[in-house]
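Asks: Okay, here's the prediction I keep looking at, along with the sequence it came from:
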Amino acid sequence: MKKVLLVVVGLAVVAVLAIVGVASTRPAQFKVERGLSMAVPPEAAYAQVVDFHAWERWSPWAKLDPAMKTEFGGPASGPGATYRWVGNDKVGEGRMTITEAQPPSRVAIKLEFLKPFAATSDTVFAFAPEGAAGARVTWTMSGTNDLMGKVFSLFMDMDKEVGKDFEKGLAQLAAASATAPPP
């Protein structure tokens, strides 16, 4: 019985080492990006992103936990504005801080996940005029994978999973921007 247990433990150790070995060859950098053409001016979409108070109208994660606790800090919008959330396992816990705002073309955000795992990413929304009165909005998230992030990437395609949320969020942003009062 002891020999069987040693063999099982040995195989488990080899499997873990193999996973870590393969994971260590994965890229350290990641990037998820989606864009959408909207029938709203860049200023309208920009106004919905630069003010965290407006995110509840369009964020793809806002409705995943009706009991989610949120807290706003800093200025009402623009650089220094913060948004903190604590929610269920679908939304976790984290905070966002606007680090840059160039009306109406760009909003940069530091995104910090605290739970279920710690991670920091850079998020950028770019707003470009398109056509007579429309905008092309591009949502990008990039960062660095530590070893756990690399292991996670073996089992989940971040671009595919988060990309779906970005696509949903951009569609909801277009709708919210079309119905919001002018900035």
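Replies: Happy to help now that I have it. The shown structure was predicted, so the numbers you read here are calculated from the model rather than taken from an experiment.

Asks: ranges for the strands of the chain?
Replies: Listed in chain order, the strands of the chain (DSSP state E) span 29-38, 69-73, 82-86, 93-102, 106-115, 119-130, 134-144.

Asks: Which helix or strand in this protein has the lowest average pLDDT?
Replies: helix 147-155 (a mean of 58; mean pLDDT, DSSP states H and E).

Asks: will you turn the strands of the chain into JSON lines that also has mean pLDDT?
Replies: Putting these into JSON lines (pLDDT from 0 to 100) gives the following:
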{"stretch": "strand 29-38", "mean pLDDT": "89"}
{"stretch": "strand 69-73", "mean pLDDT": "96"}
{"stretch": "strand 82-86", "mean pLDDT": "97"}
{"stretch": "strand 93-102", "mean pLDDT": "97"}
{"stretch": "strand 106-115", "mean pLDDT": "95"}
{"stretch": "strand 119-130", "mean pLDDT": "94"}
{"stretch": "strand 134-144", "mean pLDDT": "92"}
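
Asks: Looking at those strands, spot the one closest to His53.
Replies: strand 69-73 (6.5 Å; C-beta to C-beta). Where C-beta positions appear, they are placed from N, C-alpha and C, glycine not excepted.

Asks: Spatially central residue for the chain, please.
Replies: Met141 (6.1 Å; C-alpha atoms, centre = their mean).

Asks: picking that back up, including distance to Lys63, could the strands of the chain go into CSV?
Replies: Shown next, in CSV, are the strands of the chain (distance: least, C-beta to C-beta, whole Å):
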stretch, distance to Lys63
strand 29-38, 19
strand 69-73, 13
strand 82-86, 13
strand 93-102, 17
strand 106-115, 19
strand 119-130, 20
strand 134-144, 18
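
Asks: quick one: which of the ones you listed is nearest Trp61?
Replies: For those, the distance to Trp61 is smallest for strand 82-86, at 8.3 Å, taking C-beta to C-beta.

Asks: Okay, now the sheet partners of the closest one, with direction.
Replies: Partners of strand 82-86 in the sheet, by DSSP bridges, are strand 69-73 (antiparallel), strand 93-102 (antiparallel).

Asks: can you dump the C-alpha coordinates of the first one into PDB?
Replies: Yep, that's strand 69-73 we're talking about. Taking Å, rounded to 0.1, in the frame of the first residue of the first chain, the C-alpha atoms of strand 69-73 are listed here in PDB:
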ATOM      1  CA  LYS A  69     -21.700  46.900  -3.100                       C
ATOM      2  CA  THR A  70     -20.100  49.900  -4.900                       C
ATOM      3  CA  GLU A  71     -18.200  52.900  -3.700                       C
ATOM      4  CA  PHE A  72     -17.100  56.000  -5.600                       C
ATOM      5  CA  GLY A  73     -14.200  58.200  -4.600                       C
END
